[in-house]
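generate a structure from the sequence data that follows.
(one chain, ligands or ions: 1)
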Amino acid sequence: AQPSAPAPISAPLRALEFGQLNFLHTTDTHGWLAGHLEEPSYSADWGDYVSFATRMREKAEAQGQDLLVIDTGDRVEGNGLYDSSEPKGIFLSEILRHQHIDVITSGNHELYKQNTSEAEFLSTVPNFRGKYLASNIDISHPETNELVPLAPRFKKFTTKKQGIRIVAFGFLFDFTGNYNNTVVQPVEKTIKEDWFQEAIRDKEVDLFLVAGHVPAHSPEYWAIFEEIRRIRWDTPIQFFGGHEHIRDYAKYDSKAFALASGRFMETIGFTSIDGLSTGDQSSAASSPVFKRRYIDNNLYSFYHHTGLDEESFPTENGLNVSQLITESRSALRLDHVHGCVPRTLWTSRVPYPNPNSVFTWLQTRVLPDSLKDESRGEVPSVAILNTGAMRFDIFKGEFTQDTIWTISPFTNSFRYVKDVPYEKVQLIMEVLNKQPKVLETLESGSKLSPLPCPENLARAAYFTTEVVEEDLETQPVYNIAGSHQAPLSVDRLDEKILPGYTTKDDAGTDGDDTVHSPISFYEVPNCIQALLSADKSGVPETVDLIYIEFIQPHLAMAAKFASLDVDFFKDSEVYMPSTTLTDLLLAWVKKHWKCE
Ligand SMILES: Nc1ccn([C@@H]2O[C@H](COP(=O)(O)O)[C@@H](O)[C@H]2O)c(=O)n1
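Predicted coordinates for the structure are as follows:
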C-alpha cells in the first residue's frame, strides 16, 4: 500500500471457494491505482494487487487449478495518477503494465478523445499483446488513417494446469459518444459477422469467456448469450462486465453467469467454475458450478484469502510497483494541498438538496461565485450542470492535487445562449430531469449518454426512498438499516461490523467478502441549475442560459419538448473561454477553503 494509506480494519470475512478455473477481475479503475488514501476498506494499491494475483495463482496452481486475470476497461480519467500528467496517462500506463492480465478490453473512457484512444492503440495494446481484445472497436490508424481493429477480435487458448480450452471475446457496450477516430460497432451487429459465427461454431471449446465493458445485466450481453446458445446450447459461458460502477452478478442460465466488479479499485472480483470439461475429457459433473465474491480491495482481505501475512505476502514485483506509484505520485505532486475541506460533501449519501450534498454546494456556492463572463456584464443567467460531471465525494480535510481529479476529471468547458425566457429554462430543466427515457435517443438514432453518474442509474432499485434522520445530521453516520450499496467512509471505525457494500445480486446476498452494515444511497437529479442574478428579489424575464458543453445534445432535444426555438449547436457561444469545470472548482477551493 502507499505510505499514507490507512491500515485496513479487521472484519468478518466470507471465504473464497476455489474451483478448476478461477478468475480475478477489475473494471472501471479510472486511474485509482494508488488505492483509496482516505478509506481503509479500499486502501490496497495496484502493487498489492500484483502480489495478490501472483499469490492466488500460486495457490490455485499448487492445487492443480488455474487462475486468470481480467480487466474490462475504463482504466483512464478520474484520478490524478492519470489526469495530472502531460500528456495524460504516461505514469499510469507504466504502472498498469506490471500486472499479469490474461484478457483486457477497452471501456468507453478510452475512446472519448482522440489522444486517449491513440495512446491505447500505441501503448496499452502492445503492452498487453495477445491479451487485449476488441471485438467491436476499430480505430483510424494514427499514421495511415486506415480503419483497423483496435486489437484482435478474439482468441483461443488453453489453460496451463487443467487444459481448459477457452474462446475469449472483448466487447464494448453500444457506445456512441466516442471521438470520430474510432468506430464502435453495435454488439448486436458484430455477433452476426463471419468471424464471430465461426468462433462460436468451434467444437473444441470448454468455455466461452466474454470480457467486456458492458453491464452484467444488459441487452448487449443478453444478445451475445442468445447467439452463443443458438449454436452451443450447453457450453458454459463466463461473462465479465463493467461500466455501471456497481457490484453485480447476473444469471443467464445454469451455465452462463456475468460478474461486474464495481469501480475505482474498491473491488477485486473473484469467480470460480468447477465441473468444466477439459480438452477431450468430458466433465464427470452434470452441470458446472459457478461461484462469485466481491473482495474489498485491502491488505486484510488479501492476507486472509491467500493465508499469508505481512512478511510472506508481498512479491518483489508487487513491492516495486507500489514504489513506482509512490514515485509517480510524488513527481506529479498529487499530495500538494490546495485547501482544507471544512466538512464532507457527498454525491449520494445524503438526500439532495442538503447542506452536505456536493450538488447543493455547487448550486449555492461554486457556480454563483465562479461563473462570470466579463463580456456579459450584469445580465442574469441560469447555469445548468449534469450531476454525472461530479465523480466522487469530497472528504473533510486536505483538498489535494489528487482530489481535484477524483471529483472532476473531465475537460468540459461552458457554453451559453443569450436571452432565453426564464420559464422556458424551467421547462427544459423539467425535461432534462425526467428519467431517463425521454432523452435517450436522438433523431439520428444514436443514443445520448446518460446525464447522471452510472451508479445513480444502475442503483435505482437500491435508493433510500424515505430520508433517514441520521443522514441529515451535520456529518451523517453510516451504519444505517436499509438495503442499498454505497462505498465505505473514514468514520465510525469503532464498530465490529463496519458500513460498506451489502450487495444483492442474482445469486443472493452473500457475495461481498467482507460482512458490512448497509449505507443509505439517495437518488440525485440528472441536472442541477443555479440562478446567477444580481437582483435576488424576483425572477428575471430572460436569462443567459449557461451550460456544461457535455449536455449540449440533451439541451437541443429538451428545447424541442419545451418549444424553444434555439439551435444550440449554431446559436451558442463559448462562455468564459478556456475555463473548465475543473478550473472553476480548483479556483473556488483555493479562495474559500484556505487551511488555517
Ligand atoms: N465529458 C464527460 C464524460 C462523461 N460524463 C459523465 O460520466 C458518465 C459516463 O461515466 P462512465 O464512467 O460510466 O463511462 C456520463 O454518462 C456522464 O454522466 C460527463 O459528465 N462528462
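
state the mean pLDDT of stretch 362-378.
Summarised as a single mean, pLDDT over stretch 362-378 is 93.

for stretch 531-545, that is, sorry about that
88.

so which bits of that stretch are buried?
By neighbour count on 16 or more other C-beta atoms under 10 Å, the buried set for stretch 531-545 is 531-533, 540, 542-545. Just so you know, the C-beta spots here come from the backbone N, C-alpha and C atoms, and that holds for glycine as well.

which one of those residues is nearest Ser322?
For the buried residues of stretch 531-545, the residue nearest Ser322 by C-beta to C-beta is Leu532; the value is 45.8 Å.

ok, the closest residue to the ligand within the stretch 201-350 of the chain - contacts?
Closest residue of the stretch 201-350 of the chain to the ligand, C-beta to the nearest ligand atom: His243 (5.2 Å). Residues in contact with His243 (C-beta atoms under 8 Å, 6 or more residues apart in numbering) are 27-28, 74, 107-108, 173, 213-215, 260, 454.

farthest-apart pair in these, please.
Asn108 and Ala260 (14.6 Å).

higher neighbour count, the two?
Ala260 (31 against 21; other C-beta atoms under 10 Å).

does the ligand sit close to the helix or strand of the chain with the lowest mean pLDDT?
Of all helical and strand segments in the chain, the minimum by mean pLDDT, DSSP states H and E falls on helix 454-458, at a mean of 85. Yes. Using C-beta under 6 Å from any ligand atom, we find that helix 454-458 touches the ligand at Pro454.

gap between that helix and the chain center?
Offset of helix 454-458 from its chain centre (C-alpha atoms, centre = their mean, to the nearest Å): 10 Å.

could I have the helix or strand following it exported to PDB, CA atoms only?
Remark: after helix 454-458, the chain's next helix or strand is strand 527-532, criterion DSSP states H and E. Taking Å, rounded to 0.1, in the frame of the first residue of the first chain, the C-alpha atoms of strand 527-532 are listed here in PDB:
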ATOM      1  CA  CYS A 527     -29.100  18.000 -13.700                       C
ATOM      2  CA  ILE A 528     -29.000  20.900 -11.300                       C
ATOM      3  CA  GLN A 529     -29.400  24.600 -12.000                       C
ATOM      4  CA  ALA A 530     -28.100  27.800 -10.400                       C
ATOM      5  CA  LEU A 531     -29.700  31.200 -10.800                       C
ATOM      6  CA  LEU A 532     -27.000  33.900 -11.100                       C
END
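
mind listing what strand 527-532 pairs with, with the direction of each?
Strand 527-532 pairs in its sheet with strand 381-386 (antiparallel), by DSSP bridges.

how about whichever helix or strand comes after the partner strand: buried residues?
Sequence order places strand 397-400 as the next helix or strand after strand 381-386, per DSSP H and E. For strand 397-400, burial by neighbour count (16+ other C-beta under 10 Å) applies to 397-400.

roughly how far is strand 397-400 from the heart of the chain?
With C-alpha atoms, centre = their mean, you get 23 Å for strand 397-400.

mind giving me the packing neighbours of it?
strand 337-341 (3 or more C-beta pairs under 8 Å, 6 or more residues apart in numbering; DSSP states H and E).

what are the phi and psi values for Thr580?
With angles defined as degrees, to the nearest 10, Thr580 sits at phi -100, psi 170.

so it sits right up against Ile404, yeah?
No. Taking contacts as C-beta atoms under 8 Å, Thr580 lies outside contact range of Ile404: 10.7 Å.

between the two, who's got more neighbours?
Ile404 (22 against 17).

which of the buried residues of stretch 531-545 sits closest to the ligand?
For the buried residues of stretch 531-545, the nearest to the ligand is Leu545 (17.9 Å; C-beta to the nearest ligand atom).

quick one: contacts for the residue in the stretch 351-500 of the chain that the ligand sits nearest to?
Among residues of the stretch 351-500 of the chain, the one nearest the ligand by C-beta to the nearest ligand atom turns out to be Gly388. It sits 2.0 Å away. Shown in contact with Gly388 (C-beta under 8 Å, 6+ apart): 450-454, 456.

please repeat the previous calculation with a cut-off of 7 Å.
Contact analysis of Gly388 by C-beta atoms under 7 Å, 6 or more residues apart in numbering lists 450-453.

how near is the residue lying farthest from the centre of the chain to the ligand?
Here the chain reaches farthest from its C-alpha mean at Ser537, the gap being 42.1 Å by C-alpha atoms, centre = their mean. Distance from Ser537 to the ligand, counting by C-beta to the nearest ligand atom, to the nearest Å: 33 Å.

show me the beta-bridge partners of Thr26.
Asp71.

any figure for the gap between it and His213?
Here the criterion is C-beta to C-beta, to the nearest Å. By it, Thr26 lies 12 Å from His213.

count of neighbours near the nearest residue to the residue of the stretch 351-500 of the chain closest to the ligand once chain neighbours are set aside?
The shortest distance from Gly388 to any non-neighbouring residue, by C-beta to C-beta, 6 or more residues apart in numbering, is to Cys453 (4.5 Å). As a burial measure, Cys453 scores 22 neighbours (other C-beta under 10 Å).

in the stretch 101-250 of the chain, which residue sits nearest the ligand?
For the stretch 101-250 of the chain, C-beta to the nearest ligand atom, closest residue to the ligand: Asn108, 4.8 Å.

report pLDDT for that residue.
pLDDT, Asn108: 98.

next: Asp471.
pLDDT, Asp471: 76.

got it, and Ala486?
Value for Ala486, per-residue pLDDT: 44.

domain map for the chain?
21-331, 337-457+523-592 (automatic domain parsing).

tell me the most buried of the ones you listed?
domain 21-331 (a mean of 21; mean count of other C-beta atoms under 10 Å).

where's Glu244, which helix or strand?
Counting by DSSP H and E, Glu244 is found in no helix or strand.

quick one: the helices in the stretch 301-450 of the chain?
Counting by DSSP state H, counting those that start in this stretch, the stretch 301-450 of the chain has helices at residues 316-331, 358-361, 367-370, 401-407, 422-432.

now those in a markdown table, with distance to Arg57?
Converted to a markdown table, the helices of the stretch 301-450 of the chain look like this (distance: least, C-beta to C-beta, whole Å):
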| stretch | distance to Arg57 |
| --- | --- |
| helix 316-331 | 12 |
| helix 358-361 | 40 |
| helix 367-370 | 50 |
| helix 401-407 | 31 |
| helix 422-432 | 48 |
